[in-house]
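Asker: sequence and predicted model, in that order:
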Amino acid sequence: MAHTKTRTANQSNEVDMTHGPLAGKIIRFALPLAASSMLQQMFNAADLAVVGRFASAQAMAAVGSNASVINLLISIFVGLSVGATVLIASQIGAGNRKGISDAVHTVITLAFVLGIFLTAAGILLASPILRLMGAPDNVIRLAVLYLRIYFTGMPVILLYNYGSAVLRSRGDSIRPFYALVAAGVLNVVLNLFFVAVLHLHVIGVALATVLSNCLSGGLILLFLLRESDEFRLDLRKLRIRKDYALSVFRIGVPAGIQGAVFSLSNVVIQSAVNSFGADCIAGMTAAWNFDSISFCLLNSFTQAAVTFTSQNYGAGDQKRCGRVYRLCLGIGLAMDIVLVILMQIFRMPLLHLFTTDEAVISYALVRLTYSFRFHFMCGTYEIPGGALRGLNRGLVPALISMLGTCAFRLIYVFLIFPSHRTPEALMLVYPLSWVLTCIAMNTAYFIVYRRAFAHMKPAA
């Protein structure tokens, strides 16, 4: 009886992606994922808010200066979770139950192995990378300390991301959301306790983040251990199946490299921000959280495009794949435009959650004015890129993003910015790169979409 109840509860969280109306299912899948991503982003935002309120601008800058570094080092590994989603979703679409089980155990094993590797790499490279970025002398010591503590939690961070990819591949974005709700509450409580009560400052917020990630990763592991069908994780069966690992890498590595190069371009931009001093670092970092919240919403529809397209591509349904692209793009952009407008209206009270320093706020407003108000444009290339990955074309969106976004930003920072050296001119690099990438990505999608099903028989 207990086994039946568990199976019924798990099925109630699933979304049938290959049959029936799509719009409501896409929203049902995407919104919990957006909320989950926002909560994950709020780990760093909570760190900033607490140190900004209870410590100093230097401590806030130390936490904020790590954002682009963290993204750079983990992007290629988290990008592999996209490959995991595509692999498992395609097995679902094809009805291969044994393949699903083998894929699940391969993916979770990869999470453990890569997490341990990333912990070692992060601890060793923290100081050299921050110094290469030109972090100010009054920030560097605290920034290195925060980054090293943060990276001790990488195995559980990857366990959460990869385990969530397993659940999302079957349409379950609810339970990853529950895990992050619990972890988010714990993060805020521990932040306040470690910093406001124990006065641990940067050490305190780093410890709070690691412990919170342990909770979210542990809950995901528990969910997988309690699954009742081919998605159930059996620790005795943890192993890497070579052909499935290669499939994950084929889709995930281009996504990861794209994320790493994307983050590298942001590291270069962060270096330019660093040249304006600690107040600018703190202000731009506070405003960056606005971008991140917006991106979380857009990325949820990107992941919906990946997962829904993967299942329907596995089932050979071309028309349904086309509808997934149109609905994800239309609904995602509409919701994000509303979000951007609301956050612009309430920008001052939101900024005061992070700091009351007027100099810091003035720099934050520069980013909100010249970059964030156009942030919805990210969805015009991210969502089509997700649809391309769902069509098993991971290299195409990676190359377009690296050229249209990353390469352009590097050219802008090194060749154009030096002759217009102001924070305002620096922030314009974002909307300009979004326009270029949007044009290229959508052109590529329509070309690939017409060719992707040429070797398949039409779906019945």
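Answerer: Yep, it's here.
Asker: how long is stretch 132-142 end to end?
Answerer: Distance between the two ends of stretch 132-142: 16 Å, counting by Cα to Cα, to the nearest Å.
Asker: residues touching G386, list them.
Answerer: The neighbours of G386, taking Cβ atoms under 8 Å, 6 or more residues apart in numbering as the test, are 301-306, 309, 328, 397. (C-beta placed from N, C-alpha, C; glycine too.)
Asker: among those residues, which one sits closest to L342?
Answerer: F301 (17.7 Å; Cβ to Cβ).
Asker: pretty sure the closest one sits against G379.
Answerer: Yes: counting by Cβ atoms under 8 Å, G379 is a contact partner of F301 at 6.9 Å.
Asker: identify the contacts common to those two.
Answerer: Common neighbours of F301 and G379, using Cβ under 8 Å, 6+ apart, are 329, 332.
Asker: any idea how far F290 is from M343?
Answerer: Applying Cβ to Cβ, to the nearest Å, the value for F290 to M343 is 5 Å.
Asker: compare these two (neighbour count), which wins?
Answerer: F290 (24 against 19; other Cβ atoms under 10 Å).
Asker: the strands in the stretch 251-400 of the chain, which residues?
Answerer: Assigned strands in the stretch 251-400 of the chain: none (criterion: DSSP state E, counting those that start in this stretch).
Asker: any stretches of it with poor pLDDT?
Answerer: Along the stretch 251-400 of the chain, the parts satisfying pLDDT under 70 run over 263.
Asker: ok, 80 please
Answerer: 251-267, 270, 354-355 (pLDDT under 80).
Asker: show me the helices in it, by range?
Answerer: 278-314, 318-345, 347-351, 358-370, 379-390, 395-401 (DSSP state H, counting those that start in this stretch).
Asker: how far off centre is the last one?
Answerer: How far helix 395-401 lies from its chain's middle: 17 Å, per Cα atoms, centre = their mean, to the nearest Å.
Asker: in it, which residues are buried?
Answerer: By neighbour count on 16 or more other Cβ atoms under 10 Å, the buried set for helix 395-401 is 395-398, 400-401.
Asker: and F29, which of the three is it?
Answerer: Under the three-state scheme (DSSP: H, G, I helix; E, B strand; the rest coil), F29 adopts helix.
Asker: quick one on the thing from earlier: common neighbours of F290 and M343, please.
Answerer: Taking Cβ under 8 Å, 6+ apart as the contact rule, the neighbours common to F290 and M343 are 350, 372.
Asker: got the buried residues of helix 395-401 as a markdown table, with distance to D357 columns?
Answerer: Shown next, in a markdown table, are the buried residues of helix 395-401 (distance: Cβ to Cβ, whole Å):
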| residue | distance to D357 |
| --- | --- |
| L395 | 45 |
| V396 | 44 |
| P397 | 40 |
| A398 | 39 |
| I400 | 40 |
| S401 | 35 |
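Asker: wait, which of the residues you listed is closest to V189?
Answerer: S401 (37.5 Å).
Asker: now the closest one. Nearest residue, chain neighbours left out?
Answerer: Closest residue in space to S401, ignoring its immediate chain neighbours: Q258 at 4.8 Å, by Cβ to Cβ, 6 or more residues apart in numbering.
Asker: run through the residues that contact the one you found.
Answerer: Counted by Cβ under 8 Å, 6+ apart, Q258 has contacts 75, 79, 397-398, 401-402, 406.
Asker: quick one: which of the buried residues of helix 395-401 is nearest F295?
Answerer: Nearest to F295, judged by Cβ to Cβ, of the buried residues of helix 395-401 is S401 at 13.5 Å.
Asker: so that closest one touches M441, yeah?
Answerer: Yes: between S401 and M441 there is a contact at 7.5 Å, judged by Cβ under 8 Å.
Asker: any shared contact partners between these two?
Answerer: Common neighbours of S401 and M441 (criterion: Cβ under 8 Å, 6+ apart): 381, 385.
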